[in-house]
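> I'll drop the sequence and a predicted model, then ask my questions.
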Amino acid sequence: MKYIIPIFILLANSLTTLAQQNELKEILNKINMAVGSTPAGQYTLNEDYKKSVPGQKPVHSVSVSTSYFKINSKDKVIGYKLAAVRNDSTYHKIYDGTTIVELSEKIATVTDARKYPDEAKRLRSDELLFPFIISANIFLQQYKADSLINKIQLLPEEVVNGEKCWKLMPQMEGSENKKVKVYYYINQTSFLPVKAVTESRVPVGKVIETTVFTHAIEQLKKYKVADSVFTISAMNGYNSVKEFSGAGNASNAK
């Protein structure tokens, strides 16, 4: 009899874990379907960066940008036409599937993505340009595998922009000296990712440096964005145009 209760507890725990994993897989499937049914649109991206170290003045910066995306089946590298501009005009970049144009210090640098495909591949890591909902979905979908589903947790729901959201915490590979936690917030109505928070704690001498980086989107509008948004004609404030001719180089000012 003394072995029956422990076995029952183990069985109950196993069933609970299986139910949680199935719920997580269902949520991940809903996210994937929702993102897949959003081929084009526009949204506002809010970025919030905080850094604190005991004994030092805290660092806090915020930025707001507007991003556009449109699926492009002809493009086998990125798969989308992209455009993003910061509200303070310190950043404006576009990609139409063949050409990248970046505005910096009143100079528009034009890159032929067919000639420099690695420059196009790097756009996936551009958090302002590459669509937030797509990058979040790509990252989260890897946890749907049976070997990884136990490495993501479903935390108590929270409210973002007045709407209930699931809060997911994937297990991150850290190091002995750096602890990182990432949280994704999924709207329970649209099933789209709407917020991501990355927290890190790193020893700096005898104290801990804490950083919190938040990406949150709002005002997502699904519509067929005009192709003109992804061309240099949509840019303002540049005095000259240069052609990219290799990493860190541009030539032929016009």
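That came in fine, so what should we check first?
> and stretch 77-91, what's buried?
Neighbour-count burial for stretch 77-91, counted by 16 or more other Cβ atoms under 10 Å, picks out 77, 78, 80, 81, 82, 83, 84, 85, 86, 91. (Each C-beta comes from the backbone N, C-alpha and C, glycine too.)
> show me the shaky parts of the stretch 51-200 of the chain.
By pLDDT under 70, the weakly predicted segments of the stretch 51-200 of the chain are 174-177.
> so where do the strands sit in it?
59-71, 80-86, 92-95, 99-104, 107-112, 152-160, 163-170, 179-187, 193-204 (DSSP state E, counting those that start in this stretch).
> and those, which is most packed in?
strand 92-95 (a mean of 24; mean count of other Cβ atoms under 10 Å).
> now that strand: how far from the chain's centre is it?
17 Å (Cα atoms, centre = their mean, to the nearest Å).
> the buried residues of stretch 77-91 into CSV, with extra columns for distance to residue 158?
Shown next, in CSV, are these (distance: Cβ to Cβ, whole Å):
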residue, distance to residue 158
77, 36
78, 32
80, 29
81, 33
82, 29
83, 31
84, 27
85, 30
86, 27
91, 29
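> from the residues you listed, which two are the most distant?
Distance extremes for the buried residues of stretch 77-91: the farthest pair is 77 and 86 at 24.3 Å, using Cβ to Cβ.
> list the contacts of residue 30.
Applying Cβ atoms under 8 Å, 6 or more residues apart in numbering to residue 30 gives the contacts residue 191.
> got the phi and psi for it?
Dihedral pair for residue 30: phi -70, psi -40, per degrees, to the nearest 10.
> could I get the pLDDT score of it?
Predicted confidence (pLDDT) for residue 30: 96.
> wait, which of the strands of the stretch 51-200 of the chain is closest to residue 146?
Using Cβ to Cβ, the nearest of the strands of the stretch 51-200 of the chain to residue 146 is strand 152-160, at 12.3 Å.
> can you give me the helices for the protein?
Here the chain has its helices, by DSSP state H, at 4-36, 117-121, 132-141.
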